[in-house]
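Engineer: Coordinates only, no sequence provided:
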């Protein structure tokens, strides 16, 4: 049986890699359900808070088609000069005080009602304070503020004026799931370096028997590959230690 | 010179004389092997399904608490895991912390503690190491099963196993231990190939004692190996000896029956899951009917070559997943037989890939535990709070209907594969274990056609 032409093999490999990457991206989005302001109403569960480009704050909530109540208050030291209610039904409650600095709400979601949202415009403020409950209890891991799994540390939490800009500038390695992945790699540096070495040797072997085998400067290239691996090990070691 | 000869012999033992002595083929084999190993390494430390932890939790009861009967239903598999855990105990990091997690009886909290552990990657890597070793052993056994005079085809068999996405998924993402019993079963088939009938059946019995599945091919093995009438009785007795031995041991040591507990377990009901209700209590179990038909068909084949026997093994396992409720790892039992067929019938490979793709949706049956929770070691918070596939589908359509539509498509693909293999089997009877049709047999067939 004849070997397939090199071009066909490479195009097939590229196609596989592209398909894999597309699948991985879709999978990550489907799993996260919220990246920044993204969530799937009726499938995602919890609060999703973000700021749009007009500096309006969106407070949305969604449940997985089960009867769920969302209640709480939003308070600020400034003025809530505008608001919009999206998806509120007659049974849902909303009130804003006379000073226009505090909002109270109570809303229910069900199999037919996937999601509700309040959009507020705030001015002259230094912070916005939230007190949010799901089914009458606090569940901080379900409150996503500015990004998926960027959760508040306290039950009643304050967002400073530049909070959303800080979250936006947060590097990818400090976001879930990469942050969780890296913290465990850093926690067991010995294994991480061993694993990297093992995978590196296998990759170099693949390169050696496919690309380098017939090269004139075979030994030089092989030495270079192992040099890169050693350098990579050192870099990873330094990065993980200083994390 | 001596050293060179020594390594040459090792090379021949590992990858057969024909492949080792052909530079092009040996490099290709090495390349497939390395790519396969790299794919396996990629998944080993980062993914697992809850059952892996349960397996080692039972082993931990034996190793750390001396409770030998922690898993008496799968005693041999349990012993293997216990011995392995005992051996790696000295190199396990933070062994006190890990043993506390493994001995924690609460399945939810122990799972969370395990995923939160700083050493989870290292421990998962070690836990899956026996599967990797046996997987590598299977790679080299499987290519020796057939195509004795055709190293190119053997190499393709090797490639189809090494790069098989289902193998990688079941062993390194799903992390189930079926490879242990598959290894034993393939050794038994290797012995069957060389007509070591008693040893083959004894080893198959060991496989049965480990996992339920080799029993499905036992009748085919007996029909294939029996040369005289007496052989049927002897081989059948040897075949069930494994179970009887386990049953006797279970009665003596634990004071209870392992066979009856297995028969009454949910797992045995799986093969009875597809049924045709007639009237009152009258019911026909579809798997048993179809299995019977396959067996009769094999019995009545005049030329029972080893290749034909392997074809029937493939059809049996495909029939099981096509008609019965099954867990994802059960599909792995068909793969050793299918990879041999892919070489002869490439279209089957594409149907197998379709099976694999459909299986990814069928996983949704079991919810978060076998879908998003697989990535829990990477980031447990992400796994816990991200949207699972069921709510995502439920948002637009009934998840039960959706999965069952996919399941039906999976059955259609599997049944079509059985048909293709059956059609192939009409000619396979003429093919010997070397994968070559004997000239006289072909002549006879052509004469008939003529």
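Structural biologist: Received, thanks. In this text the structure is predicted, and so the values were computed from the model without any measurement.

Engineer: From now on I want contacts and neighbour counts done on CA atoms only, so please keep to that.
Structural biologist: OK.

Engineer: Next one: the residue most central in space within chain A from residue A:141, what distance?
Structural biologist: For chain A, the residue whose C-alpha lies nearest the mean C-alpha position (CA atoms, centre = their mean) is residue A:148; its distance is 4.3 Å. Going from residue A:148 to residue A:141 by CA to CA, to the nearest Å gives 10 Å.

Engineer: which SSE is the residue nearest to residue B:338 when sequence neighbours are not counted in?
Structural biologist: The spatially closest residue to residue B:338, leaving aside those adjacent along the chain, is residue B:314, at 6.1 Å (CA to CA, 6 or more residues apart in numbering or on different chains). Counting by DSSP states H and E, the element that carries residue B:314 is helix B:306-323.

Engineer: One more: residue A:232?
Structural biologist: helix A:218-241.

Engineer: which other residues reach that helix?
Structural biologist: Residues outside helix A:218-241 that contact it (CA atoms under 8 Å, 6 or more residues apart in numbering or on different chains) are A:185, A:186, A:189, A:193, A:196, A:197, A:200, A:204, A:208, A:212.

Engineer: Which pair of those spans the longest distance?
Structural biologist: Farthest-apart pair in the contacts of helix A:218-241 is A:186 and A:212; separation 33.4 Å (CA to CA).

Engineer: Residue 140: neighbouring residues, count only.
Structural biologist: If you meant another chain, say so; for now it's chain A. The local packing of residue A:140 (other CA atoms under 10 Å in any protein chain shown) involves 20 other residues.

Engineer: oops, chain B please
Structural biologist: 20.

Engineer: same thing with residue B:252?
Structural biologist: 11.

Engineer: Report the buried residues of whatever helix or strand comes next after the helix holding residue B:314.
Structural biologist: Going down the chain from helix B:306-323, the next helix or strand is helix B:335-344, by DSSP H and E. Neighbour-count burial for helix B:335-344 flags B:335, B:336, B:337, B:338, B:339, B:340, B:341, B:342, B:343 (criterion: 16 or more other CA atoms under 10 Å in any protein chain shown).

Engineer: what's the answer for stretch B:289-302, then?
Structural biologist: Neighbour-count burial for stretch B:289-302 [16+ other CA under 10 Å]: B:291, B:294, B:295, B:298.

Engineer: now stretch A:161-174: mean pLDDT?
Structural biologist: For stretch A:161-174, mean pLDDT rounds to 89.

Engineer: is it anywhere near chain B?
Structural biologist: No: using CA under 8 Å from any CA of the partner chain, we find that stretch A:161-174 stays clear of chain B, coming within 12.2 Å at best.

Engineer: For the stretch 51-200 of chain B, what lies in contact range of chain A?
Structural biologist: Close to chain A, as judged by CA under 8 Å from any CA, the stretch 51-200 of chain B has residues B:118, B:119, B:120, B:121, B:122, B:152.

Engineer: Make TSV from those and add pLDDT to it.
Structural biologist: TSV is the format used below for these (pLDDT from 0 to 100):
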residue	pLDDT
B:118	92
B:119	94
B:120	95
B:121	96
B:122	96
B:152	94
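
Engineer: Show me where the chain dips below the pLDDT cut-off.
Structural biologist: If you meant another chain, say so; for now it's chain A. Scanning chain A for pLDDT under 70 picks out the ranges A:1-37, A:243.

Engineer: oops, I was thinking of chain B
Structural biologist: For chain B, the stretches flagged by pLDDT under 70 are B:1, B:242, B:261-267, B:427-450.

Engineer: so who does the residue nearest to residue B:338 touch?
Structural biologist: Contacts of residue B:314 by CA under 8 Å, 6+ apart are B:334, B:335, B:337, B:338, B:418.

Engineer: Report the two of those residues separated the most.
Structural biologist: B:335 and B:418 (13.2 Å).

Engineer: Would you check that residue A:146 makes contact with residue A:169?
Structural biologist: No: taking CA atoms under 8 Å as the definition, residue A:146 is not a contact partner of residue A:169, at 10.8 Å.
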